[in-house]
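*Asks:* Predicted model follows, preceded by the sequence.
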Amino acid sequence: MNDYEQARRRYRFLRNCVLASYLGLTVHAQELPPKVLVQSAQCLTAKDFLPATKATALRFGYILDTKSYPGEKVIYVVDYTGSGRSDGVVFAILMTQKDGRQIYDIQNNARFVRSKDGEEGIDFVEPPLGGTWTQQHLVTAIKSIERLRTITVRASDLLRPTTGTVCVSYTDGK
């Protein structure tokens, strides 16, 4: 094999590596957000918990919890409002099913900032309902969510809940 052929093979190899890398990044970038997160965020929008924004996408983090409320399933969702993870709003949403429909019951929310003074580095700017137990659970959720990747959801996907989703909140009837 002459030098010209070796150079062409090297070029094709590098080109294919770059192409494979690009396609891998594209596939990852187009990954759909988890359905449970989208439906939760749709309910937060429907119940006016997410502030109006001109942004085309929002950044979230979430965890599912089956231990804090025995026999219940809770999703903790953080809507990051800043460019990093230094501030946001955390929500506790009880998840149940009835007649084949998924019910998201917004139980609590609190606005927080990272600080050196607050409990475990979290300061509640707008504290949650409830006492110390609630705050401790929300702090634990925030810290757990921080260890996971953020998920971007298009604002247009949050305009209304999907069929089969029921949204309720502690603010209903007020």
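*Replies:* Sure, I can see it.
*Asks:* in its sheet, what does the longest strand along the chain sit against?
*Replies:* Ranked by number of residues, the top strand in the chain under DSSP state E is strand 101-119. Counting by DSSP bridges, the strands paired with strand 101-119 are strand 87-98 (antiparallel), strand 122-126 (antiparallel), strand 165-169 (parallel).
*Asks:* what residues go with each domain of the chain?
*Replies:* Per the record, the chain has its domains at 1-31, 33-169, by automatic domain parsing.
*Asks:* Kindly reformat those as CSV containing mean neighbour count and mean pLDDT.
*Replies:* Any C-beta I mention is one placed from the backbone N, CA and C, and that applies to glycine too. Formatted as CSV, the entries for those read as follows, by neighbours: other CB atoms under 10 Å; pLDDT from 0 to 100:
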stretch, mean neighbour count, mean pLDDT
domain 1-31, 9, 55
domain 33-169, 16, 89
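*Asks:* Go through the strands paired with strand 101-119 and name the closest to Val113.
*Replies:* Go through the strands paired with strand 101-119 one by one with CB to CB and the one that ends up closest to Val113 is strand 87-98, at 4.4 Å.
*Asks:* Show the contacting residues for Ser169.
*Replies:* Residues touching Ser169, when contacts are defined by CB atoms under 8 Å, 6 or more residues apart in numbering, comprise 43, 47, 49, 105-106.
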